[in-house]
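Asker: Return atomic coordinates for the entry below.
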Amino acid sequence: MLRFKQFIIEENETLEDLSWLHESDDAEPKKLGNNDKGVLHELLVGKHLLGGKHMVHHPGKDGITPKEQHDIYKSKMSAEEYNSANKRAKAAAEHLKKHIESQGHTVHDVHWTSKPGDLEKSTGIKATQKQDASDIVIHSKNEKGLVKHHGVSLKVTDSTSKHIGVSNPGMESMYGAHHIREAHKESINKQHPELGKLSNKAKRKEYLKALPAEEQKNISNQHKDALRQIAAHVHKHLENAGTEAIAEHIRTHVLQSHATPMQKEGHAHIRMTTHNLSATEQKKTGETHGHHIVNPHEHYEPMLKDHKNLSAHLQGTAVVFKYKGKRLATHGMKFNSQSDPHSSIVGNGRPHA
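Answerer: Purely as a prediction, here's the structure:
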């Protein structure tokens with residue numbers, strides 16, 4: 001399943017000045033990268049939902065079972081790091097379990113749905129990963145034995161904010177802005193002809209690293225300028241298309257708040273974010289972590305249907321969406337890797353409070 005880094009933007013920050021807009025995602029990780037930490041969280045949450053027993057369904061890429069993948073990650077972590085991740089996941093599992101029990105159901109089984117096709121194998125309901133971003137599926141039963149599927153998109157962050165990135169929209173969400181990306185690439189290659197001859201990403205990164213600091217900064221500035229142009233292109237398209245198009249863009253690309261195939265069949269889909277609590281909140285609650293559950297479709301659809309009250313605003317390298325004048329979501333643009341001059345461009349969709 002497509003993963004992405006999770007970043008926080010405070011209300012008073014200027015988007016184009018934020019380092020996450022051009023930060024490298026593929027810099028050599030010291031230990032586990034953000035993606036791996038997210039996957040480990042899924043595996044541990046599933047394990048704790050099953051009372052300490054690893055999920056059986058379904059193997060990840062290369063046929064690695066949930067337990068095997070868990071053990072690989074654990075071997076790369078210190079005991080302290082693993083215990084912290086395990087404690088956080090256990091708290092998340094307990095919160096999920098209470099949520100399901102509040103609906104009159106109990107957990108029966110849990111499946112890891114990390115690959116295309118896993119959702120259908122788990123539920124019998126066809127769904128692409130774009131249609132349903134569930135990382136795990138919880139199978140529950142009520143007192144009458146009625147089975148209900150709960151697709152869960154799990155998000156985890158070290159931040160104290162629950163409002164983190166929920167989507168990673170690609171170039172398909174940028175309405176033909178490929179020409180801006182290609183023009184930027186050609187311009188960089190014209191300035192540095194050797195780059196155009198390097199088809200290997202690692203060699204391009206080495207080339208950039210060897211350049212004088214001033215030239216590296218110059219390329220970085222050109223990156224940001226290209227991102228501003230793309231954001232302006234997306235903003236102009238949406239402004240011309242109208243408020244219904246803005247609503248659909250938010251629904252599909254930014255907040256992923258469309259009804260999933262499971263929901264259309266009477267089952268459930270939720271997004272749960274686990275975050276750190278502030279020192280004040282920890283003292284007040286006695287807990288270390290907070291958990292935020294939302295049904296994206298149920299929560300956002302009333303606002304998106306009221307599309308006449310939606311508006312799109314260009315802000316640096318992002319498009320900010322407002323509902324009745326208040327921030328609803330942000331679609332930020334960024335290079336997938338600042339260290340590769342030929343990097344692809346991706347987005348970061350994030351809800352606001």
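
Asker: Assign the residue at the greatest distance from the centre of the chain to helix, strand or coil.
Answerer: Distance from the C-alpha centroid of the chain peaks at Lys144, with 36.4 Å (C-alpha atoms, centre = their mean). Per DSSP: H, G, I helix; E, B strand; the rest coil, the secondary structure class of Lys144 is coil.

Asker: And it, how close does it get to Gly104?
Answerer: For Lys144, the distance to Gly104 equals 10 Å [C-beta to C-beta, to the nearest Å]. In this view, the C-beta of every residue, glycine as well, is placed from N, C-alpha and C.

Asker: Where do the helices of this structure begin and end?
Answerer: 34-49, 66-75, 79-101, 118-123, 178-191, 193-196, 201-210, 213-241, 243-249, 261-264, 279-285, 296-305 (DSSP state H).

Asker: among the ones you listed, which is the most enclosed?
Answerer: helix 34-49 (a mean of 22; mean count of other C-beta atoms under 10 Å).

Asker: now that one and helix 79-101, what's the angle there?
Answerer: Interaxial angle, helix 34-49 versus helix 79-101 (axes from the mean of the first three to the mean of the last three C-alpha atoms, to 10 degrees): 60 degrees.

Asker: Does anything pack onto helix 34-49? Which helices or strands?
Answerer: Helix 34-49 is packed against helix 66-75, helix 79-101, strand 105-112, strand 136-142, strand 147-156, with contacts defined by 3 or more C-beta pairs under 8 Å, 6 or more residues apart in numbering; DSSP states H and E.

Asker: again, only using 6 Å
Answerer: helix 66-75, helix 79-101, strand 105-112, strand 147-156 (3 or more C-beta pairs under 6 Å, 6 or more residues apart in numbering; DSSP states H and E).

Asker: Kindly reformat the ones you listed as CSV containing mean pLDDT.
Answerer: Below are those laid out as CSV (pLDDT from 0 to 100):
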stretch, mean pLDDT
helix 66-75, 96
helix 79-101, 97
strand 105-112, 97
strand 147-156, 97
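
Asker: Quickly note the distance from the residue nearest to Met333 when sequence neighbours are not counted to Ser337.
Answerer: In this structure, Met333 finds its nearest non-sequential neighbour in Leu227, 4.5 Å apart by C-beta to C-beta, 6 or more residues apart in numbering. Going from Leu227 to Ser337 by C-beta to C-beta gives 13 Å.

Asker: neighbours around Val166, how many?
Answerer: Each residue near Val166 was counted by other C-beta atoms under 10 Å, and the total is 23.

Asker: Can you report how many residues neighbour Lys326?
Answerer: 9.

Asker: pLDDT score assigned to it?
Answerer: With respect to pLDDT, Lys326 scores 97.

Asker: and the closest residue to it other than its chain neighbours, backbone torsions?
Answerer: Of all residues not flanking Lys326 in the chain, His352 sits nearest, at 7.8 Å (C-beta to C-beta, 6+ apart). The phi/psi pair for His352 (degrees, to the nearest 10) reads phi -110, psi 170.

Asker: my guess is His352 meets His331, correct?
Answerer: No. Judged on C-beta atoms under 6 Å, His352 makes no contact with His331 at a distance of 11.9 Å.

Asker: Which one's more surrounded, these two?
Answerer: Taking other C-beta under 10 Å, His352 and His331 do not tie; His331 has more neighbours (26 against 15).

Asker: first vs last residue of stretch 169-182, how far apart are they?
Answerer: 18 Å (C-alpha to C-alpha, to the nearest Å).

Asker: So, low pLDDT: which residues of the chain?
Answerer: 1-31 (pLDDT under 70).

Asker: hmm, try it at 80
Answerer: For the chain, the stretches with pLDDT under 80 are 1-31, 338, 353.

Asker: And for Ile164, the neighbour number?
Answerer: With other C-beta under 10 Å as criterion, Ile164 counts 20.

Asker: Against Met333, how distant is it?
Answerer: 17 Å.

Asker: next one: Glu182
Answerer: 15 Å.

Asker: Leu211 now?
Answerer: On the measure of C-beta to C-beta, Leu211 and Met333 end up 24 Å apart.

Asker: and if you look at His275?
Answerer: Relative to Met333, and taking C-beta to C-beta, His275 is found at 25 Å.

Asker: what about the two, which has more around it?
Answerer: Between His275 and Met333, counting by other C-beta under 10 Å, Met333 is the more crowded of the two (30 against 22).

Asker: and that one, bridged to which residues?
Answerer: For Met333, the beta-bridge partners under DSSP bridges are Gly347.
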